[in-house]
Structures are given as structure tokens and as C-alpha cells.
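Novice: Using only what follows, build the 3D model:
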Amino acid sequence: MSGAKGGGRRKFNRNKKKIVETDIKADSEAPPNPIALLSTEEKCDLIADLSEAVLEDPTKAFKQETDAASHDKKADEESNGAGMRQPSRIQKLLDLGRAHKNGGDEYVASLAVMSLLAIFKDILPAYRIRLKTDAERTGKISKETRQLWDYERAVVTHYQQYLQLLEKSWEKGQFKNEAPSKLAVTAMLSLCELLKSAFHFNFRSNILAVVVRQMNYRLSDKVSEECCKSVEYVFQKDAQGEVAMETARLVAKLTKDYKGSIRPEVVKTFLKLPLRVHVDEAQAAKLATAANAKKRKRDKELAEIESELKEGSGEVDKILLARCQSESLQSVILSYFRILKSPDAATKKNLLPVALEGLAKFAHLINIDTVVDLLDVLKQLLLDVDGLPLEAALNCVLTAFQTLQGPGREMQIDVKEYITPLYSQLPRLGCEENSRTNTDTALQCLSAAFIKRREYSNVRVAAFVKQIFALAMNAPSYTSIPMIAMARQILQRYPNTHQLLESEADIITSGQYNPDVADPEFSNPFSTSAWELANLKFHINPDIRDQAQGASTLKILKMPGEAPDRLWSKCDKDAQEIYIDFRRASKKHPLSQKASGRQQARFIAPRKTQITLLPTGEGAVL
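Specialist: The predicted model follows:
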């Protein structure tokens, strides 16, 4: 038995050796890839020639080419009646884009990937291709239609191969705790460009899944930035709203499931959504969609014809748009609430300002049930307003006012809980770092508190005006100018505050002005005057001088040129470009003035004086 076992083992080893030898022989006899044998310069020239040929005639780019040496009939017969087939031009470019097929040259692979990107951006149609079934292809169709179907099938097939190439290049080019390779970065940036230019085409869900996952990529800021930009582009350009809805869901899922810190730029992409549909309007749209679905069931043929006509016309379906925007709004609001109620301190610190900024933009679209929950969360945050970043604190106040002026306008809520924190945060704008990034938000808060609504407490209004003038004394010029313009607007709207412009000697008051109190009602602003304007009239900046002079004389603003928000945009642009406005006072030379009417003396002759010489000598009397 042992011998039999040994013989069987020897036989098995012998057979195994033969198999290995045959495999090695087969590999050695396999013809090498002709692309890998070329030099780098020749590969680059080949990429350029193939790309030019594809763009000249895209219909022939996906067809296999016949080798010129096999055109002879006898040669064809010797080769079993078939000529030597060469890969198509697109297939050659795809092989050049694969590093394991072009000789391991990542530089050439990057060039091929970018060339294919330019080609597909040029030849992809502006509609989604539906591949025809076998039953449709076996039917009786014209030759032109069959050629069109074959071309569309080839475009979709090779486009799918290109996407698979990009995804594999990205996955293989990543290393643990290291920056990705240049080929991987090129592949991901190509996916971002395809998402921008072909989000309406096939395989958009696959591209979205890859790009959204890398929005929070930590090892390369360039990759994360481009992914966020491409998602913002989709939010802005999707007219129908379907792709934007799908993207919003994926981004919301990323912020929910990601274990670790989320970049603020990821959540900030929601701000690019052009949401205009209220939740209640969306409910009506859903009912209309359900009613249309019932009608389509009754007459399927008519429904198919209507859907094809809509796709061909390119018109926006308002019912579908309302439904998609409603779903997008729901995903966005849930993400914001998840951030506000997050127990993680690091998440709140990084994402709270962005979430509040988004809520301030979309608060007017939420329903009344969500308003109550939102206001409760804002009240809790404002209890420790000094511990919040200035951007988060101002966005808290702005979100509350936007909510109360929108869906919460029917609620009887005292706004004192939101005005008081705003009063305490204004002095923080005196810092140059805070003023550059938060002046616009502060202007929106003041406009929502005193311009868009009526404030019935004159003491509160006067306290804010006095606080704004004090801020203008210490803040940079690009903050002082729009702030004084906002104070002028408030003075025009509330005439009872004009007492601040009177001299302290002309009024009778009791008490002392205290600007450091938490509640502006107890600051006693009418016991003082707006003496800051007297100093601001001599400011080095001419625009501040003009604004101070206009405020002291109650001159009406020239709208819209002197609107606070427009002044802020102008001043911020000047500050970024380091532009200093100055006024040159030109004075004419007196000789350049023409004589008018009467004769004017051009020169005045000097007066002749008599010179008296004192006598000198012995007889001189001093």
C-alpha cells in the first residue's frame, strides 16, 4: 500500500511538473503587447494621432480596423477566411490608459485618460441612451436606424469601460496614510469633469457614488475640493431636479454615516441648491403626481407617448420639479438638525456655523411643525452665545428672524430672546478677522430686526444705533461704512431716535449710559448723544466722512447705490484688491483764470520806500 501511495505521489508530482512546464511555455510563446514595446515619445504621438482621428470621425472610432497586410484574398483564405483584426481607436486609447498594458508608464496612462476625457465630453449626446432589446433589434428597421443603434451601443459600452478604468486607477493609486498617486488624482478629477458635463447621461449614479464618497477625502485637498465643486455644479445646473435630489441624498448619507470629522465644505455644498418650493406646495405636487399615475394606468399607450414627448421637448415638468425639490429639502433639513443636535463637540465646532447658515437660507421653506423644533434648538444655543463662534452666533439670530418672518409669522413669539444676543455680539466685529467674514451676516440681522419688521421699543432701537456708532469708531473702514449706512436707515425709520443727534446740554435726562449691559433696554441710551459722529467727520477715509455727515444731518440715503449691502460689497472688493480711495483737491493757478468784466491786476508793483541813511562820523548824534 505504501508503494502504491508513493507511486501515486510521484505520478502526481510528475503531472504537476508537466502542467507547470506547459504553462511557462505558453506564456513564453504569447505575443507581447505592441504598445508596451513603444518608447514614451512614440506612445504620446500615438495618443495624439488616435485622438485626432476619433474627433474627425467619431462613427468609425468604435469599429475594429482590418490590418492592411491581409487585404489579399489569398492571404485571407490562408488565415481561415478572416483578416487580422486590430482593436478600435477608442480601445487602443483605453489600453494606453491601463498602466499594466502600456508597459507600466503612469505618465502615458495619465495622458490617455485626459485624452479620453476630452473625447467623451465632445461625443456624448445630450440625452440618455436606452439600449434596445433583442426583440426591437430583430424587427424590421431601416439601415440608418440600425447604424444609429449600433453606434449608441458602442458609445455606451466603451464609456462604461472608461468609467471602470477611472475607478480602478483611483483604487490602485491609494496608499495608507499617504497621498494618492498622480494617475489616481487624474482619474478622480476626470470623474469630476464627467459629472459636470454628463450628469444627464448613463451611469450617472455610478459617478455620483464615487465622487460623493471622496468629498471628505483627507489625504488630498485638491481631490476633496474638486469633488465638492462638481457636486455644487450639479446642484446649480440641474433644471429638472432629479439628479440634484439623488446627489443631496448621497451627501446627507455621507454626513450621517461617516465615522470621523466632516469637512465644512461638504455641508456647505447644500447652499448651492436653488430650492424654491415650500413643503406644503410639495405635498400638493405629490397628490397631483398620484392622480396622474392613476390616469396613466387607464391608458398606458397615451402615457408612453406623453413621456416621450416631454423628453423630446426638454421642458421642465413643474410637478416633478416640486417633488424633487421637496425630497432634497427634506434631506438637507435633516442633515442640519442632525448637526445641531449632535453630542460631539468637535462636530458642532466645525459644522455648526455652516449648518446655521444653511438654515437661515432655507428656513422660510419649512412647515410650522418644524419651526417649533427649530426655535427650541436655537434658544438652547443662544443661552451660551458668547461661547459660540461669531459666525455661528450671528447665523443663529438670522435663522430665527428668517423663520419668524416666513412660516412662523403667525406665531406670537417675543423676538427679545434673539435681539438681545445680537446686541452683545456687535462689538466683536471690531476685530479685523471677524469683520471681514461676518459683516454681511450682521447687516442681514440688523435689517431683519429693524427694517423688515417694526420695533416698538424706542430705547432698544436707540441702544442699537449708539452701539453701531461706537463700532464704527473702532472697526475697519470696510465695516464702518456699511454700518453707518445701516444706522442712517434705522434713524430714518424711527424718528423718535433723533434725540441722539442733539447736544447733551439741550436735553434733560436722568441716569448714565451703560453700553456693557446684556439687555439693551437697560443701557439708557437717551442719557447721551451720538458724539462719535463728530469724530468720524474727520476720519481719513472720505466715504466714512460722507456717511457721518449724512447721519448727523439726517440726509436720506440714495438707494440703491448707498444700500448697506451694496456698500459692503464695494468696500470688501476694495479691501481684497488693496484699493485705497482718495480725493485730490485740485486748485487752479491764479494766472490761469480768465479776466471777467473788470480789469484785474495780474501783478502788484512793490511799494517804493525812501531810504534814510544815518549820519556817521564824529558829529553823529545817536
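Novice: Tell me where the stretch 251-400 of the chain has strands.
Specialist: Under the criterion DSSP state E, counting those that start in this stretch, strands are not mapped anywhere in the stretch 251-400 of the chain.
Novice: Just give the number of residues close to the residue nearest to Gly430 when sequence neighbours are not counted.
Specialist: Residue nearest to Gly430 in three dimensions, not counting chain neighbours: Asn474, with 4.4 Å by C-beta to C-beta, 6 or more residues apart in numbering. No exception for glycine: its C-beta is placed from N, CA and C like everyone else's. One way to gauge burial is a neighbour count; for Asn474, by other C-beta atoms under 10 Å, it gives 14.
Novice: go on, Thr138?
Specialist: Using other C-beta under 10 Å as the criterion, Thr138 is surrounded by 9 other residues.
Novice: Check Asp344 too.
Specialist: 11.
Novice: List the residues that contact it.
Specialist: Shown in contact with Asp344 (C-beta atoms under 8 Å, 6 or more residues apart in numbering): no residues.
Novice: could you pull out the helices for the stretch 451-600 of the chain?
Specialist: Counting by DSSP state H, counting those that start in this stretch, residue ranges of the helices within the stretch 451-600 of the chain are 458-474, 477-493, 532-536, 542-552, 564-576.
Novice: Equivalent analysis for the stretch 201-350 of the chain, please.
Specialist: Taking DSSP H, counting those that start in this stretch, the helices of the stretch 201-350 of the chain run over residues 204-213, 221-237, 242-257, 264-268, 279-298, 300-313, 318-340, 345-362.
Novice: now for these, which one comes closest to Gly139?
Specialist: Closest approach to Gly139 among the helices of the stretch 201-350 of the chain (C-beta to C-beta): helix 300-313, 17.1 Å.
Novice: Now do the closest one, average pLDDT.
Specialist: Helix 300-313 carries an average pLDDT of 59.
Novice: what's the answer for stretch 171-185, then?
Specialist: Stretch 171-185 comes out with an average pLDDT of 88.
Novice: Ok, stretch 444-461 next?
Specialist: This predicted structure assigns stretch 444-461 an average pLDDT of 90.
Novice: report the longest helix in this protein, please.
Specialist: Across the chain, the longest stretch assigned as helix under DSSP state H is helix 143-172.
Novice: circling back to that earlier point, which of the helices of the stretch 451-600 of the chain sits most buried?
Specialist: helix 477-493 (a mean of 23; mean count of other C-beta atoms under 10 Å).
Novice: Quick one: list the elements packing against that one.
Specialist: The criterion is 3 or more C-beta pairs under 8 Å, 6 or more residues apart in numbering; DSSP states H and E, and the helices and strands that helix 477-493 contacts are helix 432-446, helix 458-474, helix 542-552, helix 564-576.
Novice: re the thing from before, dump the helices of the stretch 201-350 of the chain to JSON lines, plus mean neighbour count.
Specialist: Converted to JSON lines, the helices of the stretch 201-350 of the chain look like this (neighbours: other C-beta atoms under 10 Å):
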{"stretch": "helix 204-213", "mean neighbour count": "18"}
{"stretch": "helix 221-237", "mean neighbour count": "19"}
{"stretch": "helix 242-257", "mean neighbour count": "20"}
{"stretch": "helix 264-268", "mean neighbour count": "20"}
{"stretch": "helix 279-298", "mean neighbour count": "13"}
{"stretch": "helix 300-313", "mean neighbour count": "11"}
{"stretch": "helix 318-340", "mean neighbour count": "21"}
{"stretch": "helix 345-362", "mean neighbour count": "21"}
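Novice: As CSV, those with distance to Tyr127 would be great.
Specialist: Output for these, formatted as CSV (distance: least, C-beta to C-beta, whole Å):
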stretch, distance to Tyr127
helix 204-213, 13
helix 221-237, 16
helix 242-257, 14
helix 264-268, 31
helix 279-298, 22
helix 300-313, 7
helix 318-340, 17
helix 345-362, 32
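Novice: Minimum distance to Ala400: which of those has it?
Specialist: helix 345-362 (8.8 Å).
Novice: what does that closest one rub up against?
Specialist: Counting by C-beta under 8 Å, 6+ apart, helix 345-362 makes contact with 261-264, 267-268, 270-271, 275, 329, 332-333, 335-336, 339-340, 342, 374, 381, 388-389, 391-392, 395-396, 398-399, 402, 441, all of which sit outside it.
Novice: before we move on, what about stretch 489-502?
Specialist: The set of residues that contact stretch 489-502 without belonging to it, under C-beta under 8 Å, 6+ apart, is 446, 450-451, 455, 458, 461-462, 464-466, 468, 507, 525-526, 528-530, 533, 551-552, 554, 556-557, 564.
Novice: quick one: terminal-to-terminal distance for it?
Specialist: End-to-end distance of stretch 489-502: 18 Å, with C-alpha to C-alpha, to the nearest Å as the criterion.
Novice: on that earlier part again, can I get the helices and strands packed on helix 477-493 in CSV including distance to Glu41?
Specialist: Converted to CSV, those look like this (distance: least, C-beta to C-beta, whole Å):
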stretch, distance to Glu41
helix 432-446, 50
helix 458-474, 64
helix 542-552, 60
helix 564-576, 45
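Novice: what about the closest residue to Glu432 other than its chain neighbours, neighbour count?
Specialist: What sits nearest to Glu432 in space, not counting adjacent residues and going by C-beta to C-beta, 6+ apart, is Pro476, at 5.5 Å. The burial count assigned to Pro476 is 17, neighbours taken as other C-beta under 10 Å.
Novice: Next up, the contacts around Pro476.
Specialist: Pro476 sits next to 432, 435-436, 575 when contact means C-beta under 8 Å, 6+ apart.
Novice: what does the model give it for pLDDT?
Specialist: At Pro476 the predicted local confidence, pLDDT, stands at 91.
Novice: start at 11 instead
Specialist: Understood, numbering begins at 11; the last thing we discussed is Pro486.
Novice: Roughly how far does it sit from Ala458?
Specialist: Pro486 sits at a distance of 24 Å from Ala458 (criterion: C-beta to C-beta, to the nearest Å).
Novice: One more: Leu281?
Specialist: In this structure, Leu281 lies at 18 Å from Ala458, with C-beta to C-beta as the measure.
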